[in-house]
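Q: Requesting a structural model of the entry that follows:
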Amino acid sequence: MFTNRAKNGRNNLCGRRIYELRRRMVPRVSQRALADMLQITGLDLDKNAIQRIESGKRFVTDIELSAFASVFSVDVSQLLEEDLPADRTGPG
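A: Here you go, the predicted structure:
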């Protein structure tokens, strides 16, 4: 049977990477501050949406993925990598 979830049961592939990139920003950026940064790029997400994305509870559109890549100055493909070490996987 087909499902719209990753193998680990999450609703997205990018949430853990987004969490990791956000936490690595200097100075450290809160979910609310990241939402503000995304709004400057024209993407209207709030802190709660970012929390749900990071925890894998929310699907992410290609438009949102592109905006995250822009804010973090990375290629979209980097957000889809699933090779985070087990002890640094973030929420969820």
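
Q: ranges for the helices of this structure?
A: 15-24, 31-40, 47-54, 62-72, 76-79 (DSSP state H).

Q: count of neighbours near the closest residue to D75 other than its chain neighbours?
A: Closest residue to D75 apart from its sequence neighbours, by CB to CB, 6 or more residues apart in numbering: A69 at 6.3 Å. To be clear about C-beta, it is placed using only N, CA and C from the backbone, and glycine gets the same treatment. Neighbour count for A69, taken as other CB atoms under 10 Å: 19.

Q: pretty sure A69 contacts Q78?
A: Yes - contact criterion CB atoms under 8 Å: A69 and Q78 qualify, at 7.4 Å.

Q: would you turn the helices of the chain into a markdown table with mean pLDDT?
A: Listed next are the helices of the chain as a markdown table, based on pLDDT from 0 to 100:
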| stretch | mean pLDDT |
| --- | --- |
| helix 15-24 | 97 |
| helix 31-40 | 97 |
| helix 47-54 | 98 |
| helix 62-72 | 97 |
| helix 76-79 | 96 |
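
Q: JSON lines please, covering these and showing distance to T3.
A: Compiled in JSON lines, the helices of the chain are given as follows (distance: least, CB to CB, whole Å):
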{"stretch": "helix 15-24", "distance to T3": "17"}
{"stretch": "helix 31-40", "distance to T3": "27"}
{"stretch": "helix 47-54", "distance to T3": "18"}
{"stretch": "helix 62-72", "distance to T3": "20"}
{"stretch": "helix 76-79", "distance to T3": "21"}
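
Q: Quick one: closest of the ones you listed to A6.
A: When these are compared by CB to CB, helix 15-24 sits nearest A6, at 9.4 Å.

Q: Great, nothing more from me.
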